[in-house]
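The sequence isn't on hand, but the structure is:
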Ligand SMILES: N[C@@H](CCC(=O)N[C@@H](CS)C(=O)NCC(=O)O)C(=O)O
């Protein structure tokens, strides 16, 4: 059995999508980050960085712990042989768009969201900087998708990992320059209409509501 420690956020959602796409058995262990549960000693023993998501695969032996969403998706892809080519140019095409998300849209949109909605003071320079960089990155994705269905050949972990932050960015930055990103919007609809993606979003929503009471 696989235990996934997560919460309903763009990063926390990624492994749920992947587990559903792979058809694996798993248990959702909800870690309420608004209540600080990601900083408890029990959770820090799983992820010393104190952030969701993290996964413990208890199948066989002493089990395998993995944190960082990109590493979790690669682990699950290699465990199942799905959504990441084992070798050759296709593998690196997928990995480059996977890491584009982990080091790009995730942190930039995350900071834009923080400075816009959570910072105690409104700092125009910070808001503008992260907004511009987020829009630029979304534009790179849009341009790449102008003549392809998926980010890297077949549907892959690159699509799975990019989905949540793109959806959040397109909605959060609506009216700020995202209206021209038609290829990216069409891709978001394609990913979002997959049965596994719908199931993942529903399960996470249900688990969060069950935990929050
Ligand atoms: N690079 C990490 C980012 C994880 C991350 O930032 N998780 C957020 C939720 S989206 C979190 O746990 N925040 C709580 C905190 O920082 O204390 C990954 O991709 O897994």
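In hand now; what should we look at? Bear in mind that the values here come from a model prediction, so they are computed numbers and not experimental data.

Surely residue 133 is in contact with residue 107?
No: the criterion here is CB atoms under 8 Å, and residue 133 misses it with residue 107 at 9.3 Å. Every residue, glycine included, has its C-beta placed from N, CA and C.

Can you check which residues contact both of those two?
Residues touching both residue 133 and residue 107 (CB atoms under 8 Å, 6 or more residues apart in numbering): there are none.

helices and strands around the longest helix seen in the chain, which ones?
Scanning the chain for the helix with the most residues, using DSSP state H, yields helix 124-144. Contact here means 3 or more CB pairs under 8 Å, 6 or more residues apart in numbering; DSSP states H and E; on that basis helix 124-144 packs against helix 89-100, helix 106-113, helix 157-172, helix 182-192.

same thing but 7 Å
Helix 124-144 sits against helix 106-113, helix 157-172, helix 182-192, with contacts defined as 3 or more CB pairs under 7 Å, 6 or more residues apart in numbering; DSSP states H and E.

mean confidence score for the shortest one?
The one in question is helix 106-113. Helix 106-113 shows a mean pLDDT of 97.

quick one, that helix and helix 89-100 angle?
If you take axes from the mean of the first three to the mean of the last three CA atoms, to 10 degrees, helix 106-113 sits at 20 degrees to helix 89-100.

The longest one now?
Computed by the same axes, to 10 degrees, the angle separating helix 157-172 from helix 89-100 equals 30 degrees.

Show me what helix 157-172 is packed against.
Partner elements for helix 157-172 (3+ CB pairs under 7 Å, 6+ apart): helix 10-22, helix 69-80, helix 89-100, helix 106-113, helix 124-144, helix 182-192.

Please repeat the previous calculation with a cut-off of 6 Å.
Secondary-structure packing of helix 157-172 (3 or more CB pairs under 6 Å, 6 or more residues apart in numbering; DSSP states H and E): helix 10-22, helix 69-80, helix 89-100, helix 106-113, helix 182-192.

and residue 104, what does it touch?
residue 137 (CB atoms under 6 Å, 6 or more residues apart in numbering).

Phi and psi next, for it.
Backbone torsions for residue 104, taken as degrees, to the nearest 10, come to phi -120, psi -90.

What's the mean pLDDT across stretch 196-205?
Across stretch 196-205, the average pLDDT comes to 98.

near the ligand, which residues of this protein show up?
9-12, 33, 38, 50-53, 68-69, 102, 106 (CB under 6 Å from any ligand atom).

can you pick the most crowded of these?
Among the residues of the chain next to the ligand, residue 69 has the most neighbours (other CB atoms under 10 Å), with 29 neighbours.

List the contacts of that residue.
By CB under 6 Å, 6+ apart, the contact set of residue 69 is 11, 14, 53.

Can you tell me which of those residues is closest to residue 187?
residue 14 (16.0 Å; CB to CB).

How about the closest one, nearest residue that isn't a chain neighbour?
Spatial nearest neighbour of residue 14, excluding adjacent residues (CB to CB, 6 or more residues apart in numbering): residue 69 at 4.6 Å.
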